[in-house]
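S.K.: Just the structure for this:
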Amino acid sequence: MQYTSLAFYMFLLAAVVLYYIVPVKYRWYVLLAGSVFFYASLISRKLDGILFLATILISWLTGILLEKENGNRRIILIAGLGLSVLPLLLVKLSGFMPGGFSLIVPAGLSFYTLQIVSYLVDICRKDTQAEHNFLKYALFISFFPQIIQGPIPRHSQLAPQLYEGHRFSEKHFFGGLQLILYGFFLKLMIADKAGIFASQVFDHSAQYSGTYLWLAAILYSFQLYADFFSCVTICQGVSALFGIRLAENFDHPYTALSIQEFWRRWHISLSSWLRDYIYIPLGGSRKGELRRYINLLVTFLVSGIWHGSGLNYIAWGLLHGVYQITGRLSSGLRRNMYAAAGLAENTLAYRTIRRLGTFFWVMLGWIVFRAPGLRAALSFIRRLWVWNPWTLFDGSVCRLGLDARDWLVLLVSLFIMGVISTAQMKGSVREWYARQNIAVRWVLCFGMIFMIWIFGTYGYGFAAGDFIYGGF
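M.R.: Now for the predicted structure:
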């Protein structure tokens, strides 16, 4: 049952109706029942469910022990973390094992494992209290809108919202519907369309060079962003129907002026998790520059391994660590270069150059991330520099899955996303929408629905692809 399927929204309708029918103090039971039903629909083997339940039970007991014990807290924490992280670690390391072997991979393993780690460490640090009610804890871990692709929640932020029960709010409800609709726009109008061309080129990259590869790399960058952002937006919208607010996970990352800023804006819940539970415990920047650089490399290595088990994922993670280090080392030189060129920091030209530069380096990273392997990624990057711009005008790019009309729809959709992004950076689009009179609101709403219906991925006979980050 995917977030874009009709079955999911039939289930969601039943869950929302039931949630607001039962008494307020029992409404968390509806969320728990819905989460159990949703998770059961995702698993294909009973062992997947058993492992998921066992992990919840072990981490719940560990949390209680951590709160009660004083002298043995470190031993309890290490044991609890070890048992909780072991399934994810085995899955990630299996890709490096000769011959390969089949492992049980419960849905959402990568996301709920990090959620459990932060919960246990926060209890040990006394930043949150252990949840003594097993059912409530199970709801916190399995809450269905975010179990598959995040955001990765902190217990102190999400748990109280789940348990308190919310009364119906027209503002939150219709705000949630708007988020769901925008998520469908990002998924069906941008991500899945861009993915058609990007997949064709990346999966057969040896056949292409120059312009084809540049287009594929750029489109994959936007595909990945729109796909992940769409799922998070839908998850936020679904949660808002119940009056629950999930944390923001993106803050217009492709407007970043540096790689460091990019990571403050991209997959925020993962970036902050890596900072709080890997980088800072390693010593952060407190033990000198050399140690800071080592800690950065280790942190981004963990990020690469979390995303996948291939060498290209490790290379991608380390590459971003190197970006961070070289960015710090070259900051003075770059500042002098901009000054020599007469580019003041408050000028549009300065910001544009830095944004394009940051996007370029991020895009190179995405090539390593997306390619079938590290060797294929290096070959892809090498053949970027072949000169063949005429392929943009001789119809060649219109024979790789997208015709001229599809390209027009995709470019217009990217432009609309850019306009909405610009508006969001200046203020709340939802607040602006709520201030319009009812006729304008309905026209905009139905206009978006019909646009997605007619021009979206479904409109051309394609099936919506799975969300990319669901595979991590």
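S.K.: Which pLDDT value goes with the nearest residue to residue 404 once chain neighbours are set aside?
M.R.: Nearest in space to residue 404, with sequence neighbours left out and distances taken as CB to CB, 6 or more residues apart in numbering, is residue 398 at 5.4 Å. No exception for glycine: its C-beta is placed from N, CA and C like everyone else's. For residue 398, the pLDDT comes out at 87.
S.K.: Now the phi/psi pair for residue 398, please.
M.R.: Note on residue 398: backbone dihedrals following degrees, to the nearest 10 are phi -90, psi 10.
S.K.: wouldn't it be in contact with residue 408 here?
M.R.: No: counting by CB atoms under 8 Å, residue 398 does not reach residue 408; the two are 10.6 Å apart.
S.K.: what helices or strands is the longest helix seen in the chain leaning on?
M.R.: Ordering each helix of the chain by length in residues (DSSP state H) puts helix 211-241 first. Under the contact definition 3 or more CB pairs under 8 Å, 6 or more residues apart in numbering; DSSP states H and E, helix 211-241 sits against helix 6-21, helix 170-185, helix 192-203, helix 348-370.
S.K.: To residue 114, which of those helices lies closest?
M.R.: When the helices and strands packed on helix 211-241 are compared by CB to CB, helix 348-370 sits nearest residue 114, at 18.9 Å.
S.K.: Report the angle between that closest one and helix 192-203.
M.R.: Going by axes from the mean of the first three to the mean of the last three CA atoms, to 10 degrees, helix 348-370 is angled at 60 degrees with respect to helix 192-203.
S.K.: looking only at pLDDT, what's the mean for the helix or strand that helix 348-370 is followed by?
M.R.: Remark: after helix 348-370, the chain's next helix or strand is helix 374-382, criterion DSSP states H and E. For helix 374-382, the mean pLDDT works out to 92.
S.K.: Stretch 333-346 now?
M.R.: 85.
S.K.: in it, what's buried?
M.R.: 338, 343 (16 or more other CB atoms under 10 Å).
S.K.: Contacts for it, please.
M.R.: Stretch 333-346 is contacted by residues 349-350, 353 when judged by CB atoms under 8 Å, 6 or more residues apart in numbering.
S.K.: repeat that with 10 Å
M.R.: 257-258, 327, 330, 347, 349-354, 357 (CB atoms under 10 Å, 6 or more residues apart in numbering).
S.K.: quick one on the thing from earlier: would you mind finding the most buried of the helices and strands packed on helix 211-241?
M.R.: Highest mean neighbour count among those (mean count of other CB atoms under 10 Å): helix 192-203, with a mean of 22.
S.K.: next one: it to chain centre, how far?
M.R.: 19 Å (CA atoms, centre = their mean, to the nearest Å).
S.K.: Then stretch 410-426?
M.R.: Put simply, stretch 410-426 sits 19 Å off its chain's centre (CA atoms, centre = their mean).
S.K.: Repeat that for stretch 250-260.
M.R.: With CA atoms, centre = their mean, you get 14 Å for stretch 250-260.
S.K.: still on that earlier bit, and the helices and strands packed on helix 211-241, which one averages the lowest pLDDT?
M.R.: Least confident of the helices and strands packed on helix 211-241, judged by mean pLDDT, is helix 170-185 with a mean of 87.
S.K.: What is it packed up against?
M.R.: With contacts defined as 3 or more CB pairs under 10 Å, 6 or more residues apart in numbering; DSSP states H and E, the packing partners of helix 170-185 are helix 6-21, helix 211-241, helix 404-426, helix 429-435, helix 438-455.
S.K.: quick one: residue 406 and residue 236, what's the gap?
M.R.: Counting by CB to CB, to the nearest Å, the gap from residue 406 to residue 236 is 29 Å.
S.K.: what about these two, which has more around it?
M.R.: residue 236 (24 against 17; other CB atoms under 10 Å).
S.K.: isn't that one right up against residue 151?
M.R.: Yes: under the criterion of CB atoms under 10 Å, residue 236 makes contact with residue 151 at 8.3 Å.
S.K.: tell me, what's touching these two both at once?
M.R.: Taking CB under 10 Å, 6+ apart as the criterion, residue 236 and residue 151 both touch 145, 246-249.
S.K.: of all the residues you listed, which two lie farthest apart?
M.R.: Farthest apart among these - using CB to CB - are 145 and 248, which lie 14.4 Å from each other.
S.K.: Give me the more crowded residue out of the two.
M.R.: residue 145 (25 against 12).
S.K.: need the helices for the stretch 1-150 of the chain, in chain order.
M.R.: Under the criterion DSSP state H, counting those that start in this stretch, the stretch 1-150 of the chain carries helices at the ranges 6-21, 27-42, 46-68, 73-94, 109-124, 134-142.
S.K.: Dump the first one to CSV, keeping only the CA atoms.
M.R.: Spelled out, it's helix 6-21. The C-alpha trace of helix 6-21 is given here as CSV (Å, rounded to 0.1, in the frame of the first residue of the first chain):
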residue,chain,number,x,y,z
LEU,A,6,-6.1,4.5,-4.1
ALA,A,7,-6.1,1.8,-1.4
PHE,A,8,-4.0,4.0,0.9
TYR,A,9,-6.5,6.9,0.7
MET,A,10,-9.5,4.6,1.3
PHE,A,11,-7.7,3.4,4.4
LEU,A,12,-6.8,7.0,5.3
LEU,A,13,-10.5,8.1,5.0
ALA,A,14,-11.6,5.4,7.3
ALA,A,15,-8.9,6.2,9.8
VAL,A,16,-9.7,9.9,9.9
VAL,A,17,-13.4,9.4,10.3
LEU,A,18,-12.9,6.9,13.1
TYR,A,19,-10.3,9.2,14.8
TYR,A,20,-12.7,12.0,15.1
ILE,A,21,-15.6,9.8,16.1
